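Asker: no sequence on this one, just coordinates:
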């Protein structure tokens, strides 16, 4: 069986139809869209078309609300830094403990510069306390930034409702929607969301292209200054081929929205139910009733994630883990810690994230190998009794290493 | 994914001595809080000979933690406990054909489990002698705790100081922002302020007197030896050593041993030795690892033929 890719929240395969529309912009229409000659003739038109395709997918009112950037991180940084620069008297930012590093590290940095950062906690299912959030809103807050869906668990946050509350309090609202766009329907013109980040490579467009949605009328300060590109809101020669590719990818995501939410979801559901049924001491993390259709994050107790991934990889299956050892930072997943998942389980979390390219037979293949992989590692685990094939009695007391 | 050696993969996919030894009389249990990994080492030691007859491990951890545990049990089997105690984490890493810098702590955990097991066998309490923090310098695998301790102990004030004392930041320089943040934090705790433009703290060295008069060949080699000897304490603190092999013209051939051998740092260390030699001898000298000597001498020989 060919290798199975279940790491689509990390990045996706570029759709071949997307590659096809991009190629002419490398080889023929390679002119600078600002130029006045035939090499640039069709380029400006192609950018406009792509802008419209992105607009359609997210339900923006105007295509001029779409600003092309280089990635999701740039969009996030632009949004937050714009808000604080445009409102110098507001020194507070509200975000969550489970954001992507693109937001968290930026906020940590702003904290050093004297900003007050409110980080909303989550409960054990990864849900936010909206009432607590409401109380934090004030005229001191420059911007709220809450992700639309969490990259690890797929848990969806009530951003539409939270944007309404921010708007009522006169506070700008940004959402990092890189995991949500293309997977769940959205209609931004009916919301009070002021800014939203998109990353192309999460929806079968190439890496190196992103979008910042900026609601018309939202006060804005550019991050990159220079040429007049993107109406002066993001200087730098347009990444034309990738913009065209992203447009196509958005069009295709729109066409596959139902497929994503029915067939892709069915694969995800079958996988997680199959694993829970066949692997003892495993459980699904996050808000089970309110998740992206393509994501499942499963904790395998008493074993460690990187070891699981290495065995999965040997079996030709690609996934990812919230374990410390896979990140290179030596820190276990901040999302798992925020949800208070015990460390003997948090280190053994595996995220499987699907796309429309996956198949049911791939799910069967994973289900075939998963119980053995877990069993092999549990045989090595000091928390596991290989004779009875269950955790040793009172595992945390039976094994108490000297920690340093 | 990590770039693991084939040896690491081999020990991970087919671990040796997995499971607890039945009737073990030495048990060590340690964990690394920064990684969440933990290991139980069980040994059966012959009380007459003190030879480790059987060894087994149980590990809750990543690929390299499991591989380090596996290779450790192989290394120590058949050793006396005194021999086993001489096994360093570097030996464990070497046996695995190296570990990524972020994963060196897995080998440290193995060595500590061994110490803990021996302490358990001898009926004494084992105390861990070092703490571990977030990895800051990836070139030389230096963590935050080490940097903080050195700042406290040596009154360091600048990034350059930290590099001089710990090597952290002496490679790609990408971690200088993190080192500055640590300096800021520690200096604030001491009631001082970090100043990026402050002058560096003096490095205490065993000074070798500079050469003033021309030397005979023997005197020159003796002087070179003297300089190397003065630099050895620093190298040995890192688990390494240097040995003079040959001097041909202005080329000084040395053997780098222990932790210096094959380490990314070797090139930098050699540059440091060269600098010091030139300062003392007052002439241009090139320091070259002895491994390259044969090749070079042969070429020279061929030229004369």
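Answerer: Received, thanks. Quick caveat, the model's predicted, so the values are computed rather than measured.

Asker: hey, let's count contacts and neighbours off CA atoms from now on
Answerer: OK.

Asker: so what's the residue of the stretch 151-300 of chain A found nearest chain B bridging to?
Answerer: Across the stretch 151-300 of chain A, the shortest distance to chain B (Cα to the nearest Cα) belongs to residue A:300, at 12.0 Å. Listed by DSSP bridges, the beta-bridge partners for residue A:300 are residue A:282.

Asker: That one against residue A:285, yeah?
Answerer: No: with contact defined as Cα atoms under 8 Å, residue A:300 and residue A:285 do not form a contacting pair (10.5 Å).

Asker: hang on, isn't residue A:304 packed against residue B:61?
Answerer: Yes: using Cα under 8 Å, residue A:304 is in contact with residue B:61, at 5.1 Å.

Asker: Number of residues surrounding residue A:269?
Answerer: The burial count assigned to residue A:269 is 17, neighbours taken as other Cα atoms under 10 Å in any protein chain shown.

Asker: check which helix or strand covers it.
Answerer: helix A:265-278 (DSSP states H and E).

Asker: Now do that helix: everything it contacts.
Answerer: A:282-284, A:293-296, A:298, A:353-354, A:359-360, A:363-364, A:366-367, A:370-371 (Cα atoms under 8 Å, 6 or more residues apart in numbering or on different chains).

Asker: Just those residues: which are in helices?
Answerer: By the criterion of DSSP state H, membership of the contacts of helix A:265-278 in helices covers A:360, A:363-364, A:366-367, A:370-371.

Asker: ok, now which ones touch residue A:293?
Answerer: Contact analysis of residue A:293 by Cα under 8 Å, 6+ apart lists A:154, A:183, A:260-262, A:264-265, A:268.

Asker: how about the residues you listed, which pair is most distant?
Answerer: Maximum pairwise distance in those, criterion Cα to Cα, is 16.0 Å, between A:154 and A:262.

Asker: Neighbour count: those two, which is higher?
Answerer: The residue with more neighbours, out of residue A:154 and residue A:262, is residue A:154; 27 against 13, by other Cα under 10 Å.

Asker: residues touching that one, list them.
Answerer: Taking Cα under 8 Å, 6+ apart, we find residue A:154 in contact with A:179, A:286, A:291-297.

Asker: Could you pull up phi and psi at it?
Answerer: Backbone torsions of residue A:154, given as degrees, to the nearest 10, read phi 80, psi 0.

Asker: Could you do residue B:223 as well?
Answerer: Residue B:223 has phi and psi values of phi -60, psi -40 when expressed as degrees, to the nearest 10.

Asker: gap between it and residue B:215?
Answerer: 9 Å (Cα to Cα, to the nearest Å).

Asker: for residue A:240, same thing?
Answerer: Remark: distance between residue A:240 and residue B:215 (Cα to Cα) = 69 Å.

Asker: now residue A:247
Answerer: Note on residue A:247: its distance to residue B:215, by Cα to Cα, is 76 Å.

Asker: Residue B:284 too?
Answerer: Between residue B:284 and residue B:215 the computed distance is 14 Å (Cα to Cα).

Asker: ok, now residue B:280?
Answerer: Taking Cα to Cα, one finds residue B:280 at 12 Å from residue B:215.

Asker: Please say which of the two ends up with more neighbours.
Answerer: Comparing residue B:280 with residue B:215 by neighbour count (other Cα under 10 Å), the higher total belongs to residue B:280, at 17 against 13.

Asker: Mind pulling up the pLDDT for the nearest residue to the more buried one once chain neighbours are set aside?
Answerer: Leaving aside its sequence neighbours, residue B:280 sits nearest to residue B:210 (Cα to Cα, 6 or more residues apart in numbering or on different chains; 4.5 Å). For residue B:210, the pLDDT comes out at 77.

Asker: So residue B:210, which state does it fall into?
Answerer: Per DSSP: H, G, I helix; E, B strand; the rest coil, the secondary structure class of residue B:210 is coil.

Asker: The spatially most central residue of chain A: what's it in contact with?
Answerer: Nearest to the mean C-alpha position of chain A, counting by Cα atoms, centre = their mean, stands residue A:179 at 3.4 Å. Counting by Cα under 8 Å, 6+ apart, residue A:179 makes contact with A:9, A:148-151, A:154, A:202.

Asker: Filter those residues down to just the buried residues.
Answerer: A:9, A:148-151, A:154, A:202 (16 or more other Cα atoms under 10 Å in any protein chain shown).

Asker: Can I get those residues in TSV including secondary structure and pLDDT?
Answerer: Listed next are the buried ones among the contacts of residue A:179 as TSV, based on DSSP: H, G, I helix; E, B strand; the rest coil; pLDDT from 0 to 100:
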residue	secondary structure	pLDDT
A:9	coil	96
A:148	coil	98
A:149	strand	98
A:150	coil	96
A:151	coil	95
A:154	coil	97
A:202	helix	97
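
Asker: and residue A:189, that one's in a helix?
Answerer: Yes: with three-state DSSP as the criterion, residue A:189 is assigned to a helix.

Asker: Weed out the non-buried ones from the contacts of helix A:265-278.
Answerer: Listed as buried from the contacts of helix A:265-278 are A:282-284, A:293-296, A:298, A:353-354, A:363, A:366-367, A:370-371; burial here means 16+ other Cα under 10 Å.

Asker: Out of these, name the two that are farthest from one another.
Answerer: Largest separation among the buried ones among the contacts of helix A:265-278 by Cα to Cα: A:293 and A:371, giving 23.6 Å.

Asker: on that earlier part again, Serialize the contacts of residue A:154 to CSV and add fields for pLDDT and distance to residue B:139.
Answerer: Formatted as CSV, the contacts of residue A:154 follow (pLDDT from 0 to 100; distance: Cα to Cα, whole Å):
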residue, pLDDT, distance to residue B:139
A:179, 97, 33
A:286, 96, 37
A:291, 97, 40
A:292, 98, 39
A:293, 98, 41
A:294, 98, 38
A:295, 97, 36
A:296, 97, 36
A:297, 97, 33
